[in-house]
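Peer 1: Next one to model:
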Amino acid sequence: MAVTESIAGGTPGEARAVHEGILRRQSARESSARTYARALPIVPVRARGLTIEGADGRRYLDCLSGAGTLALGHNHPVVLEAIRSVLDSGAPLSVLDLATPVKDAFVTELFRTLPPGLADRARVQFCGPAGTDAVEAALKLVRAATGRSGILAFTGAYHGMTAGALAASGGALDIQVARLPYPQDYRCPFGVGGRPGAEFAARWTESLLDDPKSGVPLPAGMILEPVQGEGGVIPAPDDWLRRMRRLTADRSIPLIADEVQTGVGRTGAFWAVDHSGITPDVMVLSKAIGGSLPLAVIVYRDDLDVWQPGAHAGTFRGNQLAMAAGTATLAYVRENALAERAALLGTRILTQLAELTHQFPCVGDVRGRGLMIGLELVDPDADPATARPAPPADHPDAAPAALAPARTPPPAAPELAAAVQRECLQRGLIVELGGRHASVVRLLPPLTISDEQATAVLDRLADAVAAAARRHQSHGPQHGPHQQRHPGPAQHTD
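Peer 2: Residues are numbered from 1 along each chain as shown. Modelled structure (predicted):
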């Protein structure tokens, strides 16, 4: 799991001193807003595929993958070759929005992957370097095209860290966007889960749009994630997505699909909307489309293209290295059927992880789609009063018998999730936390992960859960309010 020799040929003690010195200087000089560095005190110096090597000589299996950016893992040969090709060609590295052969190849490959019904009539806008920049562009676009200003978004959403994107995210501090319930099984807002819960969520949305006294005027657009990532790895039911598509289409409301984290094969389809067969009006794309380098675009229906020249711009729209790396990544995922492999391997991983819910009461739920996977940690020993049990059947607030929930989930356990993350790191496994209370351990391995590596990841994760559960039992349950390590949106890199 760990190597003892120094990466620079020095002694282990010298390597450790270099490692600790870099971490001390980072703590002294970098912003308090840093997040990953707090929970993952490592100093990466080399990486290939799933593996990272730190300055102290230790090696790790990386299931964070740059928060989903590295579809092919670290330093994949086809990505490196694409970057070297541009560097060796003498091509300009930054070209604003000028046409280049590198950009032309990227757009051609990107359009080849788009959902049916969009590719033939699509326009693309290159944005700033991060997904949040593309979200801002999408919101500007639909407002310009419709002449309306309101936006519909969903509880638990995460769309970025700039002002407009934050306003549409679940952690918004000011009400600028109408919020809708996002369907989920484990913590269904209606207490029923499954198909009935999704139906209630859809009916609420329909009522809000059609009730002239709802207080929500006809909006400029609806933005959603086909799988909520930072919200806790919550896949949207396909039938519900199709319902949202019909509701918005019937009312001439542009539907924006945020595929920043779910795209490029991550969920077992090239784009997560492909599972449901819907065609959004706008797609927000970043992370994996740049092949590890900063790149963000929106792709949208041509009839929405009402912008005047200069209506949306950005100095770093023309990142030639990212376009070349992105073209190589998109083509490699498509040609090697990595989305299909992610679907098969993801199903296997979910099946094996589901065993943890039987072995450890603190593993409340295992969920995900493809290689976007989460385990929700709960406190099964918490004071029952904190679990908000369902009311008795004869209580006026009780759900009808046919819809009564089978059980009320125990409260989230962010401290336990953080303990699992620490135990994973000690075992050479990098994982991220997410969810409403930072209580969901998240796996985002590269699509190139082998069966043997997947087995190693599962073994280390199961061992970490067992160790954290033993400590939890020996120290007794943690009561009181459950605090996050840091605000949910700050866990995201866009």
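Peer 1: Report the beta-bridge partners for Val440.
Peer 2: Glu376, Gly434 (DSSP bridges).
Peer 1: neighbours around it, how many?
Peer 2: 28 (other CB atoms under 10 Å). Any C-beta I mention is one placed from the backbone N, CA and C, and that applies to glycine too.
Peer 1: Thought Val233 was touching it, still the case?
Peer 2: Yes. Here Val440 reaches Val233: they are 6.0 Å apart, a contact under CB atoms under 8 Å.
Peer 1: what is in contact with the two at once?
Peer 2: Contact criterion CB atoms under 8 Å, 6 or more residues apart in numbering; residues shared by Val440 and Val233: Gly374, Gly434.
Peer 1: any idea how far Ile42 is from Leu375?
Peer 2: According to CB to CB, to the nearest Å, Leu375 stands 22 Å off from Ile42.
Peer 1: of these two, who's got more company?
Peer 2: Just comparing Leu375 and Ile42: by other CB under 10 Å the higher neighbour count belongs to Leu375, 29 against 19.
Peer 1: residue contacts, that one?
Peer 2: Applying CB under 8 Å, 6+ apart to Leu375 gives the contacts Leu353, Leu356, Val363, Asp365, Val366, Val420, Val440, Val441, Leu461, Val465.
Peer 1: For the residues you listed, which entry has the maximal number of neighbours?
Peer 2: In terms of neighbours by other CB under 10 Å, those top out with Val441 at 30 neighbours.
Peer 1: I'd like to know how far that one sits from Gly370.
Peer 2: 17 Å.
Peer 1: Which positions within the helix or strand containing Arg470 qualify as buried?
Peer 2: Remark: Arg470 resides in helix 451-475, with elements defined by DSSP states H and E. Within helix 451-475, the residues scored as buried using 16 or more other CB atoms under 10 Å are 453-454, 456-458, 460-462, 464-465, 467-469, 472.
Peer 1: So in the protein, where's the weakest helix or strand by average pLDDT?
Peer 2: Of all helical and strand segments in the chain, the minimum by mean pLDDT, DSSP states H and E falls on helix 163-167, at a mean of 76.
Peer 1: what's the distance between it and the middle of its chain?
Peer 2: Its chain's average C-alpha position is 17 Å from that of helix 163-167, according to CA atoms, centre = their mean, to the nearest Å.
Peer 1: After that helix, which helix or strand is next?
Peer 2: Counting by DSSP H and E, the next helix or strand C-terminal to helix 163-167 is strand 178-180.
Peer 1: what's in contact with the following helix or strand past that following strand?
Peer 2: Scanning forward in sequence from strand 178-180 by DSSP H and E, the next helix or strand is helix 194-210. With contact meaning CB under 8 Å, 6+ apart, helix 194-210 is reached by 152, 178, 180-185, 188-192, 214, 216, 218, 237, 239-240, 243-244, 247, 251, 253, 403.
Peer 1: which stretches of the stretch 51-200 of the chain form helices?
Peer 2: Using DSSP state H, counting those that start in this stretch, the helices of the stretch 51-200 of the chain run over 65-68, 77-89, 101-113, 131-146, 163-167, 194-210.
Peer 1: buried ones in the longest one?
Peer 2: By that I understand helix 194-210. Per 16+ other CB under 10 Å, helix 194-210 contains these buried residues: Pro196, Gly197, Ala198, Glu199, Phe200, Ala201, Ala202, Thr205, Glu206, Leu208, Leu209.
Peer 1: How about stretch 35-48?
Peer 2: Thr35, Tyr36, Ala39, Leu40, Ile42, Val43, Val45, Ala47.
Peer 1: who touches that stretch?
Peer 2: Against stretch 35-48 from outside (CB under 8 Å, 6+ apart): 7, 18-19, 22-23, 26, 30, 52-56, 58, 60, 62, 64, 73-75, 418, 421-422, 425, 430, 432-433, 485-486, 490-491, 493.
Peer 1: ends of that stretch, how far apart?
Peer 2: End-to-end distance of stretch 35-48: 23 Å, with CA to CA, to the nearest Å as the criterion.
Peer 1: Can you tell me the number of residues neighbouring the nearest residue to Leu304 once chain neighbours are set aside?
Peer 2: Excluding the flanking residues, the one nearest Leu304 by CB to CB, 6 or more residues apart in numbering is Ala145, at 4.3 Å. Residues near Ala145, counting by other CB under 10 Å, number 20.
Peer 1: ok, now the one 4 residues further on?
Peer 2: Counted with other CB under 10 Å, the burial measure for Ser149 works out to 12 neighbours.
Peer 1: Now for it: which residues touch it?
Peer 2: By CB under 8 Å, 6+ apart, the neighbours of Ser149 are Arg143, Ala220.
Peer 1: For it, what are phi and psi?
Peer 2: phi -120, psi -30 (degrees, to the nearest 10).
Peer 1: Pull up the gap between it and Pro217, please.
Peer 2: 8 Å.
Peer 1: Repeat that for Arg143.
Peer 2: 13 Å.
Peer 1: Neighbour count: the two, which is higher?
Peer 2: Using other CB under 10 Å as the criterion, Arg143 and Pro217 rank with Arg143 on top: 18 against 12.
Peer 1: Run a quick check on the more buried one versus Ala220, I expect a contact.
Peer 2: Yes. With contact defined as CB under 8 Å, Arg143 reaches Ala220; the gap is 4.5 Å.
Peer 1: Which parts of the stretch 351-494 of the chain are strands?
Peer 2: 363-369, 372-377, 429-430, 432-434, 440-443 (DSSP state E, counting those that start in this stretch).
Peer 1: would you turn the ones you listed into TSV with mean pLDDT?
Peer 2: Converted to TSV, those look like this (pLDDT from 0 to 100):
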stretch	mean pLDDT
strand 363-369	97
strand 372-377	98
strand 429-430	98
strand 432-434	95
strand 440-443	98
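Peer 1: Just send those strands back as JSON lines, with distance to Ser169 too.
Peer 2: Formatted as JSON lines, those follow (distance: least, CB to CB, whole Å):
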{"stretch": "strand 363-369", "distance to Ser169": "20"}
{"stretch": "strand 372-377", "distance to Ser169": "18"}
{"stretch": "strand 429-430", "distance to Ser169": "25"}
{"stretch": "strand 432-434", "distance to Ser169": "13"}
{"stretch": "strand 440-443", "distance to Ser169": "16"}
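Peer 1: wait, which of those strands is closest to Gly291?
Peer 2: Smallest distance to Gly291 across the strands of the stretch 351-494 of the chain (CB to CB): 18.6 Å, for strand 372-377.
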